[in-house]
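Q: Compute the structure for the input listed below.
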Amino acid sequence: MGGEHHGPRLLGDQGPGCDGPRARAIANAYGVFATGGAELHLRPETLQALSAPAIPSTHGFYDECLKGDVRFSLGFMKPSPEWPFGSESSFGSPGSGGSLGFADPEAGIGYGYVTSQMGTTLTGDPRDVALRHAVYASIGRTEYPDLERPLAYSAV
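A: Take a look at the predicted model:
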């Protein structure tokens, strides 16, 4: 680290004022996935696999840690009735305190939301939901009902 305060290494550091660059980096990375993956030399088959619906295990989608139905595929979370985000082909990852990053290939967007204060919900942070609603409205996509759903989980 040695005094380096810019560039990619900053994204791994934590501290006040780091959230803006981190959200932008998350959105940019997922944006590459959402728009075909050319910068990463991803094959179309890879993007199709990431966009495909999650396949339940033999015990279904129930997650003992999160105490609800949560869908994962190829290391990414997929939208579900209890954890909605983006469109059906979206994939991403939540973070602590209400953070969320995802790619939505149908809409062609990468989304990154991080907080400087811990939220009070595990999913559906009102700040994140309002921002997602604004993002989708700005591109004329208002058909995603998940943006209007009540919160599925509360922090304990």
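
Q: ok, longest helix in this protein?
A: helix 19-34 (DSSP state H).

Q: For that one, name the packing helices and strands.
A: Applying 3 or more CB pairs under 8 Å, 6 or more residues apart in numbering; DSSP states H and E, one finds that helix 19-34 contacts strand 100-104, strand 109-113. Glycine gets a C-beta too; all of them are placed from N, C-alpha and C.

Q: Quick check: Ala103 vs His59, distance?
A: For Ala103, the distance to His59 equals 27 Å [CB to CB, to the nearest Å].

Q: quick one, which of these two is more surrounded?
A: The neighbour comparison of Ala103 against His59 (other CB atoms under 10 Å) goes to Ala103, with 28 against 7.

Q: Tell me who's in contact with the more buried one.
A: 30-31, 33-34, 50, 86, 90-92, 109-111 (CB atoms under 8 Å, 6 or more residues apart in numbering).

Q: which intervals of this protein have sub-threshold pLDDT?
A: Counting by pLDDT under 70, the ranges of the chain that qualify are 1-21, 143-156.

Q: where along it do the strands fall?
A: Under the criterion DSSP state E, the chain contains strands at 62-63, 68-69, 71-73, 76-78, 91-94, 100-104, 109-113.

Q: Using PDB, write out every CA atom in the last one.
A: Going back to what we said before, that points to strand 109-113. Provided in PDB are the C-alpha atoms of strand 109-113 (Å, rounded to 0.1, in the frame of the first residue of the first chain):
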ATOM      1  CA  ILE A 109     -26.900  -1.300 -17.100                       C
ATOM      2  CA  GLY A 110     -24.400  -2.000 -14.300                       C
ATOM      3  CA  TYR A 111     -25.600  -0.800 -10.900                       C
ATOM      4  CA  GLY A 112     -23.500  -0.100  -7.800                       C
ATOM      5  CA  TYR A 113     -24.900   1.200  -4.500                       C
END
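
Q: who touches that strand?
A: 22-35, 85-86, 92, 98-104, 125, 127-128, 131-132, 135, 139.

Q: could you redo the last one with a cut-off of 7 Å?
A: Strand 109-113 is contacted by residues 23-24, 26-34, 99-104, 128, 131-132, 135 when judged by CB atoms under 7 Å, 6 or more residues apart in numbering.
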